[in-house]
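Trainee: next one to model:
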Amino acid sequence: MKIILRVWISLAANALMVARMAAAEPSLLEIQKILAQKKFVDLTHAFAPGIPHWHGFPDEKRETAYWYEKGKGSIGEGFFSEVYTHVGQWGTHVDPPAHFIRGLRTVDQITLQEMVLPLIVIDVHAESAKDPDYTLPLERVKKWEAEHGPIPAGSFVAMRTDWSKKWPDSSAMENKDESGVSHYPGWTLPALKYLFGERKITASGHETTDTDPGIAASKDDATLETYILGTNHYQIELLANLDQVPESGAVVIVSFPKPKGGSGFPARVFAICPP
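Mentor: From the prediction side, this is the model:
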């Protein structure tokens, strides 16, 4: 009888603990109210014809299909509607694994859970200012961890170079020398292998038009981008305003349309930061 009583007391205590924990957890509505009071930072460039883009892609074209009054719309009038013609990799955009690797995931196959992530920013803007050919080494990633702690699994890791401050000047973004070779910063393979292989991050991003540094990209060398997409993870290119977010402690929201079997698409990316 005493044993049964002790079991019931234990079960009741556990039930009470679970109830208290559930009561202590804020509701989604309460979480939304908390988030609304935080600092929001748009990490996305507005896209338009003439913006910086990979040299192999055509420029965007726009057509006003409908306009408020007669005479301007190519189809009709009464409201404002445009036809946009551009490649998937346009402006701030998502590169799904299938962009480089046949058989891996397309844009519509990226899950919703992969779009709300802890944001880690590795700030190498000073190094990039001194050396436009700077590449992020593994040692710099480990230095970040020594200062902030281990990079959490499932994170979005962004490399801050402040290269986005050159936007929308295509010549400045490309930074070509007299021989036509571009000079802009990029990642390194050891750093990426550590982040995706050991730290198990979900995605990465940068401010330049390429994952690979300009010298490599000028030779159409996409070794680093191939590695990331080959792990069946996505990346975001041409991020903006990374100078306005902390190196840790923020959350990133990565959103984009859902073209069936899509090879890429312009993205809307923003951070929610401590005030």
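Trainee: helices of the stretch 51-200 of the chain, residue ranges please.
Mentor: 125-130, 138-148, 170-174, 189-192 (DSSP state H, counting those that start in this stretch).
Trainee: any chance of those in TSV, with mean neighbour count too?
Mentor: Yep, even glycine has a C-beta here, placed from its N, CA and C like the rest. Listed next are these as TSV, based on neighbours: other Cβ atoms under 10 Å:
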stretch	mean neighbour count
helix 125-130	15
helix 138-148	14
helix 170-174	16
helix 189-192	18
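Trainee: among those, which is nearest residue 32?
Mentor: Closest of these to residue 32 is helix 138-148, at 27.3 Å (criterion: Cβ to Cβ).
Trainee: sorry, back to before: make a markdown table out of the helices of the stretch 51-200 of the chain and add distance to residue 210.
Mentor: Below are these laid out as a markdown table (distance: least, Cβ to Cβ, whole Å):
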| stretch | distance to residue 210 |
| --- | --- |
| helix 125-130 | 14 |
| helix 138-148 | 19 |
| helix 170-174 | 10 |
| helix 189-192 | 13 |
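Trainee: closest to residue 38 out of these?
Mentor: When the helices of the stretch 51-200 of the chain are ranked by proximity to residue 38 (Cβ to Cβ), helix 138-148 comes first, at 19.3 Å.
Trainee: any stretches of the protein with poor pLDDT?
Mentor: Residue ranges of the chain with pLDDT under 70: 1-23.
Trainee: quick one on the thing from earlier: among the helices of the stretch 51-200 of the chain, which comes closest to residue 180?
Mentor: helix 170-174 (9.4 Å).
Trainee: for the helices of the stretch 51-200 of the chain, which one sits closest to residue 50?
Mentor: Taking the helices of the stretch 51-200 of the chain one by one with Cβ to Cβ, helix 170-174 is closest: 7.8 Å.
Trainee: contact partners for residue 246?
Mentor: Going by Cβ atoms under 8 Å, 6 or more residues apart in numbering, residue 246 touches 121, 273-274.
Trainee: ok, of those residues, which one's closest to residue 228?
Mentor: Closest to residue 228, out of all of the contacts of residue 246 and judged by Cβ to Cβ, is residue 121, at 17.4 Å.
Trainee: please enumerate the strands of this structure.
Mentor: Per DSSP state E, the chain carries strands over the ranges 39-42, 61-67, 76-77, 81-85, 93-95, 116-123, 156-160, 203-206, 234-237, 250-255, 265-266, 268-273.
Trainee: quick one on the thing from earlier: so which of the helices of the stretch 51-200 of the chain comes closest to residue 57?
Mentor: Distance to residue 57, taken as Cβ to Cβ, is lowest for helix 170-174 among the helices of the stretch 51-200 of the chain, at 11.9 Å.
Trainee: drop anything exposed from the contacts of residue 246.
Mentor: Among the contacts of residue 246, those scoring as buried are 121, 273 (criterion: 16 or more other Cβ atoms under 10 Å).
Trainee: can you lay out the contacts of residue 246 as JSON lines showing distance to residue 218?
Mentor: Listed next are those as JSON lines, based on distance: Cβ to Cβ, whole Å:
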{"residue": "121", "distance to residue 218": "27"}
{"residue": "273", "distance to residue 218": "35"}
{"residue": "274", "distance to residue 218": "39"}
